[in-house]
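> Please find the sequence and the predicted model below.
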Number of protein chains: 2
Amino acid sequence: MFFLKLPAIIGAENEEGGIRVTIYDIAREAGVSASTVSRVINHKPGIREETRRRIQKLLEEYDYTPDIAARGLATQATRFIGILIEDIRVSHHTESAYVIEQEMTRRGYTCITFSTGPDSSRKAQYIQILEQRRVEGVILIGSMFANDEVRRSLERCLADIPVMLVNGEMDLPNVYSVLIDEERGTEECVKMLVEKGCRRLVYLMDVTTPSNIKKQRGFCTGLLRYGLEAGENRIFTAPDADTSPGGSIRRGRQGTCRLLESVPEVDGIICATDLLAIGCLQELQKRGIAVPGQVSLIGIDNTLYGQLCTPALTTLDNKMAQVSLSAARMLLDVLDGRTVNQKLMLFTEIIRRESA
Amino acid sequence: MFFLKLPAIIGAENEEGGIRVTIYDIAREAGVSASTVSRVINHKPGIREETRRRIQKLLEEYDYTPDIAARGLATQATRFIGILIEDIRVSHHTESAYVIEQEMTRRGYTCITFSTGPDSSRKAQYIQILEQRRVEGVILIGSMFANDEVRRSLERCLADIPVMLVNGEMDLPNVYSVLIDEERGTEECVKMLVEKGCRRLVYLMDVTTPSNIKKQRGFCTGLLRYGLEAGENRIFTAPDADTSPGGSIRRGRQGTCRLLESVPEVDGIICATDLLAIGCLQELQKRGIAVPGQVSLIGIDNTLYGQLCTPALTTLDNKMAQVSLSAARMLLDVLDGRTVNQKLMLFTEIIRRESA
DNA sequence: CTGTTAGCGCATTCAC
DNA sequence: GTGAATGCGCTAACAG
C-alpha cells in the first residue's frame, strides 16, 4: 500500500501520478531547509526577501498545497467545527446550518455537519465522531439536544472544547446557549388572537420537544393572563409516526381533525410549526371553515412555506438565522480567547399576514 | 503553546485538563508497546487473546479515542468526502446533501459540505480547500459546476481523486456523471399540455444554468414534434438580481408579467423550477387568470412547495434524491476499486396534480 | 536570517 | 506474539 517516495531520496522528478509535493520537495528544489519553506508558507517574519520570493515562486510553480491535517497534528489545531442537527431538510435547520457554515468558513474554519435523526444514542455516536475528528468547537442546533444522554456524551467526549447550544440549555462549564424567547412569543400570539376577538383557542403541536413544551407554557400563560379559562383540552398533540418533512403537514391535518371533534367551536389555533399550521389550514379549508373568517391561524418559524399558502400564514418568527449566527460568533469569540456570556437570549417577532 | 507531555516521560498520572490519551499512554499502562495497542485497535490478527482483552479493557477505561487525522497521516487515507453545492438552502440541494451525507456516514466517511454561491472563482477556492483537507472523493451537485473554470480547477487540484458530477458532464478521466433526462422530460411536459388542448405554450426560466438550457431545448423539441410553431418569443427569462431562495418566487411573478404582455393568449406555461412556477401562479391568480382553467402550469423539481400551493402544482420530478444517492454509491464503488460506468442517466417523471 | 532536531499520534515494516 | 524503528507532512524550539 505504501508508495516509497523515491524522489525524496534520489532527488529525482516527481509531480505526477498522485504524488503530493511536500515542503521537503520545495526545500530541496530551492536549496534551503524545510523550516524555511514552512516559514514562508506561514508568513513568519525573519526571512530574507529574496529567499521568500524564490520559495514563493517555487510553491506556485509546483502547485504546492499544505496538508492541513499534518499541520494540525503539529500545531494541535484542526480548524474543524462540528455541527449537529436532527434533520437538515427541515427548513429552519437548513437556514441555521447555512449561516453557520458561511461564517465559519469566512473565518478559516471548516464545518463538519451531521444530520443525527431524533434518536439520542445516535446523537451520542455522532458526538464521538466529532471527537475523533478533533473538532475545536461544536454547535448543536435545536432544543432536542438538551437532554441527559447528550449531556453525558458531551461530558465524556467533549469536556474540554466549547459547545454552543442553539435554542437549548445545559448546565456544563463548557456549554454555552443562545436562546430565543418562544415562550413569551407564543404568549404574545395568544394576546394578539384575544385582541382580535378570539375566545376559544387551541395549541396544536406534534413532537414533544423542549421547544414545543415552552411554546405550550407560553400558550397557557397567555390564556391565564388574557382572561381565557385554561384547560388540558386546549392542547392537542398530533401523532408523529412519519418523520419526513412532508410528514409534518400530514400530522397537521390529522391533528386538526381530532381538534375539531373535541373543540368544534374553536376560533383561534396556534401551531408549533409552520408546516403543522399548513396541514391545519388544508384541513380547515377542506371542511369549508374560513381562515381567518371563522378561525384565526398562527404558525411558528417564519418559513418560506408560510408565504406561499393561501391565505398567507401569520407566524411567529423565531429568527433561527440570527440566533445561529450569534451562536457561531460566540463560538468564534470563545475560540479566540475572548470572554463571552454563557447564555444569550434573542427575541421573537410576530409576522402579521393574512391567516390571523 | 506546546504542552510538554511529562506523563509520557515520567510515567505519571494524566487524563485531566484536556490532555488526550494516546496509544502510548495505553501501551505504558498495559506494559506493552504501542504497536501492540495499535494492532488491537485495528483488529489485526496475531495477538494473544489475553493481551487483546487486557488492552481492550484499558482502552475503554481510559476513554481512548483515536485521532483520525494522525491515522490518516500514517495510512494516507483521510476518509473525507467533499461536497460542493451552490446553495444548500435550495430545497432539492438540501435533499441531495442529506442523502449523500447519510450514505457516506453509513460507510465510514465524513462529509465536508460547502455552499459555494454562484461565482465560479469562489467554486475554485472551495475546491482548493477540499484539496487541502485531502478529501478522497468529491461530489459536485448541480449543472452549474460543469464549466471551464471549475474544470481547470479540478485538473489542477483534484486530478487524482474521483469526482462525481450530479446533473452535469465534464470530459475528464477522473470525473463521473449522474445525469437526469430533463430535456426529454420537459418535452414530455409539452406533449402533455398539447394533449390537454393547449396551443400557446411558454417556457419561463430565470438563471441560465446548463440545466435550464437543457429544459429549454426539450421545450423547443416538443413544440416542433407536437406540431406547434416554435419561436424565440416563447422563451422568457426572468431577471435574476435577487439570489435568495425567496427571490425565485419574486422572479416568477416578474417574469410572468412580462410574459403576459408579450403573449397574452398563452394557455400553457412550463417553469424551469417549482418556485418559479409558484411565483407565476401567484401573479396569474392576482390577475384573475384561472389555473388550470385558462392557463395550465407545470413546474420542475417536485418540491414540497408544489404540494402546498393551491391549486397543487403539476411538476416534473427530476428525482434529485435518487440521482444523488446513485452518485454517492458510484463514488463509493470507485473508492472501493470497483469499475463503474463513467456516465449514468436516470429518468424524470411527471407528477400530475391540479395545475395542469 | 537559516538549518538542525524533535515531536504531533498513529500504522507498519522487520526483527526477535 | 510482540517490540523497536521508521515515516506520514508539518511546525517549533534552539542553535548558529
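Sure, I can see it.

> Show me what the helix or strand residue A:192 falls within is packed up against.
Assigned by DSSP states H and E, residue A:192 belongs to helix A:182-195. Under the contact definition 3 or more CB pairs under 8 Å, 6 or more residues apart in numbering or on different chains; DSSP states H and E, helix A:182-195 sits against strand A:201-205, helix A:210-225, strand A:268-271, strand A:296-300, strand A:314-317, strand A:349-351. Backbone N, C-alpha and C define where each C-beta goes, glycine included.

> Give me the contacts around the fifth one.
Taking contacts as CB atoms under 8 Å, 6 or more residues apart in numbering or on different chains, the residues outside strand A:314-317 that touch it are A:182, A:185-186, A:188-189, A:274, A:277, A:296-303, A:306, A:348-356.

> where's that strand relative to the chain centroid, distance-wise?
19 Å (CA atoms, centre = their mean, to the nearest Å).

> tell me the mean pLDDT for whatever helix or strand comes next after that strand?
Per DSSP H and E, the first helix or strand lying C-terminal to strand A:314-317 is helix A:320-335. For helix A:320-335, mean pLDDT is 98.

> What parts of the stretch 201-350 of chain A come near DNA strand D?
Counting by CB under 7 Å from any atom of the strand, the stretch 201-350 of chain A comes close to DNA strand D at no residue.

> What parts of the stretch 201-350 of chain A come near chain B?
A:245, A:246, A:249, A:278, A:304, A:305, A:307, A:308, A:309, A:310 (CB under 8 Å from any CB of the partner chain).

> Next, count neighbours for residue A:55.
24 (other CB atoms under 10 Å in any protein chain shown).

> That one contacts residue A:25, correct?
No. Residue A:55 is beyond contact range of residue A:25, at 11.8 Å (criterion: CB atoms under 8 Å).

> ok, longest helix in chain A?
helix A:245-262 (DSSP state H).

> and it, which residues are buried?
Neighbour-count burial for helix A:245-262, counted by 16 or more other CB atoms under 10 Å in any protein chain shown, picks out A:245, A:247-256, A:259-260.

> tell me the contacts of the residue nearest in space to the middle of chain A?
Nearest residue to the geometric centre of chain A (CA atoms, centre = their mean): residue A:141, 3.7 Å. Counting by CB under 8 Å, 6+ apart, residue A:141 touches A:83, A:84, A:85, A:86, A:93, A:96, A:97, A:100, A:166, A:167, A:324.

> Any chance of the backbone angles for it?
Phi and psi for residue A:141, reported as degrees, to the nearest 10, are phi -100, psi 120.

> how close does it get to chain B?
14 Å (CB to the nearest CB, to the nearest Å).

> before we move on, what about residue A:37?
16 Å.

> for residue A:127, same thing?
11 Å.

> Make sure that residue is indeed in a strand.
No. Assessed with DSSP: H, G, I helix; E, B strand; the rest coil, residue A:127 is helix; it does not lie in a strand.

> Quick check: closest non-adjacent residue to it.
residue A:153 (4.7 Å; CB to CB, 6 or more residues apart in numbering or on different chains).

> who are the neighbours in contact with the one you found?
A:123, A:124, A:127, A:128.

> nearest to DNA strand D, of the residues you listed?
residue A:128 (22.8 Å; CB to the nearest atom of the strand).

> thought the closest one was touching residue A:158?
No. Residue A:128 is not in contact with residue A:158 according to CB under 8 Å; the separation is 9.3 Å.
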